Every structure is written in C-alpha cells, then in structure tokens.
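Asks: model the structure of this input:
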Amino acid sequence: MALFREDDDPNKVDLSVGVYQDDNGNTPILEAVRIAEQQILQEQSTKSYVGIAGNIGFNRRMEMMLFGESHPALKAGRISSVQTPGGSGGLCVAGHCVVRAKPDARVWLSDPSWPNHLPLLRLSGLNLEQYSYYDYENHCINFEAMTEKFNTLGSGDLVLLHGCCHNPCGADLSQDQWNYLVRLFKKRGIVPFIDLAYQGLSEGLEEDAYGARLMAEQLDEVIVVTSCSKNLGLYRERVGMISLISKDAEQAKAAQSNLGNVARGIYSMPPDHGAAVAGRVLSDQKLHQLWVEELGEMRMRLNAFRKLFVEKMEERNASRDFSFIAQERGMFSFLGLSREQVIRLREEFHVYMVESSRINIAGLNKSNIDYVADSIVAVL
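Replies: Here you go, the predicted structure:
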C-alpha cells in the first residue's frame, strides 16, 4: 500500500488492498447506511456506554440474519452472542473463551487462511495447526487431503472454516462438502469455528449462511464470528459479533456470562455507532430492502468482473488458463503467478498485488481491466 501511494505513474492499479471498491475505485458508503446514520444522529440523546454485550437489538437482528428467524438453535435458546469491535474482536473473544474452557485446545487453520488469523488467535494463547485446503496447481479445494487430516483429529479439537468467500483463495466449500463435514465432525467430536466475514457477497444472504446454519443445527457446540465490514461497508466503524452455540439453553446462559466476562477483560465496552447503524438497517423494513439491493449490486459486480477477467485473458490467448477465477467467489483469488512475475508487474507495469499473487477482484474496473490483462500476459 505504501509503495502504491508513492507511485506517481498515472496507470497504476492497486489490486492488493483488502476492501470493496466500486467502478470509480472508491469504497462507498451505502445509501442505507447513510440514511440510518442520519436518523441515529438526529435521535441520539446520550453517549453513555451500551453495555458489555453491546447493542442487544443489533445482536438479535444479526442472529436472525446469520441463522434464520426459525433456526432450531435460535428457538431453543442455544445461541449466546456479544457485539465485538469488528470480526477481529470477535475472533479475539472467541480465542480467549476457548482457552478458558480448554487450555490445551488446538485450533486448525486452513492453508492458506486470512493472514491475521494466526497472529490474532496465537495472542489468545491457542495452540494453532494447519490443514491442507487449497490446491494451488489445480486451483480448487483439496477436499481429500483436508478430510484425511480431519479424520485424525480428536474430540474437542477445533477447525476454523471460512463460511463463504474464502480469504485469500476464493474457493468455497459446496453444500455437499458442508454436509459431509458436519457428519464427520459429529462422528469425531470436532468443534467448528466458523469465520463468516462476507455473508451476502458470494451467492446471497441465505445461501452464504448454509454451512453455519447446518453446523449450528446438527452439532452441540459451534463458534461463529461475523463482521459488518464488508457487506455493510462499515470497515472503520469496527462492527462484528461472536456467537457461541451450546448444547442446551442452560449451557448457553453460562456461555453468555463467559463471553461478557472475557470481553470486559479485553476492551471493557464495545463501540456504539456502527452497531447502531447496522441494527437500524437490519430492523427497518425499507432500509433493509434498500441494503439487500445494494448488497446484491456489490455481489453481482464482483461475480461479473470475475467472468470479464477470464474473457479478457481468453481474448489475449494467455498462455495459462484462468477460467477458475470465474468459479471462485468473494473479493480474492490467487492468479498463480510467481513472485518474480508479481514484482515485474509492480516495477514495470505499476500493477500492485500481494506477492503470493492474491488479487482483490474489486480493484478491477472498466477503465483498468484491459491494462491489467495486457500487463499479466506480458509477464507470463
């Protein structure tokens, strides 16, 4: 990001930054968010604390969006939630809760995973391991290697799964694969730890929650962390939530108490503004409908540019097949370039990406996609 800022070339393109961008390269404020903010600022009468659990209305609306209003775990009172400072805050609270419950617990991360998963969860005191997830050569999930590892895990081991829009590879589990995993986890006593940071940006709000809902329905214990940074564009407001699914309502009460106690020890009270905005958008019928439409436009733009990128590479008879990009979802994918090729793109063509060749699809737009395609073909 620093190198990009210092570059004065008029053709420079940033495909590395991890935020959604529109066709003008801006990270927009959604109209539903803007209206909700204005309403809240006009109505707000205090800046006092909101409480350790955060905005209760926000928590309930998020639970309904995440699990569905009629989900069996929700109806049975098995879900405990607290608002957190972003998804990262949720992961932090989750990590500390796991260590409190089982100090020697192991959490297995996918290889690859979001780069901050490892340092963030390690600070909680967790023992971290990795399992094979992505086949870099064939650009798909290595499900056989993944499940082979899971079949060696013991009861109480935790497996971190990306609910949708896998960051950084973009290759998501299918519904059949989620169905297989829930049976395997039940058999071996594995606890799923689901990071669902992009709900609504893959196939849709309902479709993207399939895995989390399935696990919460069929397993005794599940951890789900979610974020409003991407699907509501509330990046700097730091809005997230952790939900613990317990075996029964009595254990859920204990879980709720522990969540609050851990949160109190880390940051005391969560921020208010972003959660108040998100809660308003989710609870107001007109704002909710407007947001669903805006979210749909974001999702369609991402998926359309995936297809367009593949078409542009095919038009140029690129020496490599990039069709997998159109099959993946979310903001990120690996191009499969070497480190040397990535450096050439940066130094010769002013096209910036992470050295693993992970790109942010949202960084592509109508004015730069041809230049990006030409540049990639030049370094292949």
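Asks: for the closest residue to residue 308 other than its chain neighbours, give me the pLDDT.
Replies: Once flanking residues are discounted, residue 308 sits nearest to residue 369: 6.4 Å by Cβ to Cβ, 6 or more residues apart in numbering. No exception for glycine: its C-beta is placed from N, CA and C like everyone else's. In this model, residue 369 is scored at 97, pLDDT.
Asks: my guess is residue 369 meets residue 306, correct?
Replies: No: between residue 369 and residue 306 there is no contact under Cβ atoms under 8 Å: 11.2 Å.
Asks: more neighbours: which of these two?
Replies: Using other Cβ atoms under 10 Å, the more surrounded residue of residue 369 and residue 306 is residue 306, with 22 against 17.
Asks: can you classify that one by secondary structure?
Replies: helix (DSSP: H, G, I helix; E, B strand; the rest coil).
Asks: how about the residue nearest to the spatial centre of the chain, what does it touch?
Replies: Centroid-nearest residue in the chain, with Cα atoms, centre = their mean: residue 197, separated by 2.4 Å. Residues in contact with residue 197 (Cβ atoms under 8 Å, 6 or more residues apart in numbering) are 87, 162, 163, 165, 167, 225, 226, 227, 229, 230.
Asks: got these as JSON lines, with secondary structure columns?
Replies: Below are those laid out as JSON lines (three-state DSSP):
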{"residue": "87", "secondary structure": "helix"}
{"residue": "162", "secondary structure": "strand"}
{"residue": "163", "secondary structure": "coil"}
{"residue": "165", "secondary structure": "coil"}
{"residue": "167", "secondary structure": "coil"}
{"residue": "225", "secondary structure": "strand"}
{"residue": "226", "secondary structure": "strand"}
{"residue": "227", "secondary structure": "strand"}
{"residue": "229", "secondary structure": "coil"}
{"residue": "230", "secondary structure": "coil"}
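Asks: mind putting those into JSON lines with distance to residue 287?
Replies: Listed next are those as JSON lines, based on distance: Cβ to Cβ, whole Å:
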{"residue": "87", "distance to residue 287": "22"}
{"residue": "162", "distance to residue 287": "28"}
{"residue": "163", "distance to residue 287": "24"}
{"residue": "165", "distance to residue 287": "24"}
{"residue": "167", "distance to residue 287": "28"}
{"residue": "225", "distance to residue 287": "24"}
{"residue": "226", "distance to residue 287": "19"}
{"residue": "227", "distance to residue 287": "19"}
{"residue": "229", "distance to residue 287": "18"}
{"residue": "230", "distance to residue 287": "18"}
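Asks: burial measure for residue 217, as a count.
Replies: 17.
Asks: ok but it is inside a strand, no?
Replies: No: Residue 217 is assigned helix when assessed by three-state DSSP, not a strand.
Asks: just give the closest residue to it, not the sequence neighbours.
Replies: Using Cβ to Cβ, 6+ apart, the nearest residue to residue 217 is residue 72, at 5.4 Å.
Asks: so that neighbour sits against residue 214, correct?
Replies: No: using Cβ under 8 Å, residue 72 is not in contact with residue 214, being 11.2 Å away.
Asks: quick one: which of the two has more around it?
Replies: Each of residue 72 and residue 214 has its neighbours counted (other Cβ under 10 Å); residue 214 has more, 17 against 13.
Asks: give me the distance between the more buried one and residue 326.
Replies: Residue 214 is 26 Å from residue 326, where distance means Cβ to Cβ, to the nearest Å.
Asks: thank you, goodbye.
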